[in-house]
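Engineer: Need the 3D shape of this:
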Amino acid sequence: MNTPETPFGLAHVWAQGDWITRSVALILLGMSVVSWIIILVKALNLRRHQAQARACDAFWHSTDFAEGLSRLGGAGDNPFHLLALEGHEATSHLQQHHSQGQRQDQRQLHDTLDTSEWVTRALRNSIDDFTTRLQSGLAVLASVGSTAPFVGLFGTVWGIYHALLGIGASGQASIDQVAGPIGEALIMTAFGLVVAIPAVLGYNALVRGNKGVLHRLNRFAHDLHAYFVTGARVSGAPKA
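Structural biologist: Down below sits the predicted model:
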């Protein structure tokens, strides 16, 4: 006598699962969607910043500062353009106050800084602001990569628990009665790994790319500092 085949698979897990099983599946699905959105958006931004970094060499081949800014590209989210602009505004601020010859009782605290310190402060603030924007979202990828396997494992443990309860209630403990429900429960662990692995790989790739952009931004800031303080780029400075 042939027994009817028992359906197995993701659809059966969803149909037969309780609210905890379905919640775990939805949480993992949400983690996966959020991770891929962050990876794609940050990867596109990183690619654009790398292209902006390659334009720094053209800045130093410009005849004046205004032309150099135009060669760096539009301001927007271009950190190199914003960095040069911040340094120029800081220098103009000091020159304006020095030319006015303010009385001592009218001086503000930041006016006691010399040109080098003031420009350094402005450039560092700009770099710090960009670093914060560049690293936004990476904490989410790190969290997903570290927690998704355990969320999937929880779903597996819960599924196995319910499968064993069903097997015990039916009184049938043959291999075909055990293998199906247990195999279904293990799908949740696999799902957790499928969510975690791209998040971890994406996080590592983005961190490595961000370090490269920040390295070039810091070199550009070093050359800008020398230009605004001394009027010339550092002799023999490496290309930005």
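Engineer: how about the helix or strand hosting Leu28: buried residues?
Structural biologist: Using DSSP states H and E, the element containing Leu28 is helix 19-54. For helix 19-54, a neighbour-count test (16 or more other Cβ atoms under 10 Å) marks 21, 24-25, 27-28, 31-32, 34-35, 38-39, 42, 45-46, 49, 52-53 as buried. (Each C-beta comes from the backbone N, C-alpha and C, glycine too.)
Engineer: for this structure, what helix or strand is lowest in average pLDDT?
Structural biologist: helix 10-16 (a mean of 61; mean pLDDT, DSSP states H and E).
Engineer: the helices in the chain, which residues?
Structural biologist: For the chain, the helices defined by DSSP state H occupy 10-16, 19-54, 56-60, 65-72, 79-100, 115-135, 138-170, 175-230.
Engineer: Angles on the backbone of His61, please.
Structural biologist: phi -100, psi 10 (degrees, to the nearest 10).
Engineer: Just give the number of residues close to it.
Structural biologist: His61: 9 surrounding residues under other Cβ atoms under 10 Å.
Engineer: How about Asn125?
Structural biologist: A count of neighbours around Asn125, defined by other Cβ under 10 Å, yields 12.
Engineer: That one and Glu86 touch, don't they?
Structural biologist: Yes. Contact criterion Cβ atoms under 8 Å: Asn125 and Glu86 qualify, at 7.2 Å.
Engineer: buried ones in stretch 128-141?
Structural biologist: Buried-residue list, stretch 128-141, by 16+ other Cβ under 10 Å: 130, 134, 137-138, 140-141.
Engineer: What's the end-to-end length of it?
Structural biologist: 21 Å (Cα to Cα, to the nearest Å).
Engineer: now it, how far from the centre of its chain.
Structural biologist: How far stretch 128-141 lies from its chain's middle: 5 Å, per Cα atoms, centre = their mean, to the nearest Å.
Engineer: now swap in stretch 143-154 and tell me
Structural biologist: Worked out by Cα atoms, centre = their mean, stretch 143-154 lies 19 Å from the chain centre.
Engineer: And it, what's buried?
Structural biologist: Buried residues in stretch 143-154 (16+ other Cβ under 10 Å): 144-145, 147-149, 151-154.
Engineer: mind listing what Phe154 touches?
Structural biologist: 24, 188 (Cβ atoms under 8 Å, 6 or more residues apart in numbering).
Engineer: mind redoing it with 10 Å?
Structural biologist: Residues near Phe154 by Cβ atoms under 10 Å, 6 or more residues apart in numbering: 20, 24, 27, 188-189, 192.
Engineer: any low-confidence regions in the chain?
Structural biologist: Applying pLDDT under 70 to the chain picks out residues 1-17, 75, 94-114, 166-181, 231-240.
Engineer: Let me know the distance separating the residue nearest in space to the middle of it from Asp129.
Structural biologist: When Cα atoms, centre = their mean is applied to the chain, the residue found nearest the centroid is Leu138 (3.6 Å). Distance of Leu138 to Asp129, given as Cβ to Cβ, to the nearest Å: 16 Å.
Engineer: tally of neighbours for the nearest residue to Thr120 once chain neighbours are set aside?
Structural biologist: Leaving aside its sequence neighbours, Thr120 sits nearest to His225 (Cβ to Cβ, 6 or more residues apart in numbering; 6.2 Å). Neighbour count for His225, taken as other Cβ under 10 Å: 20.
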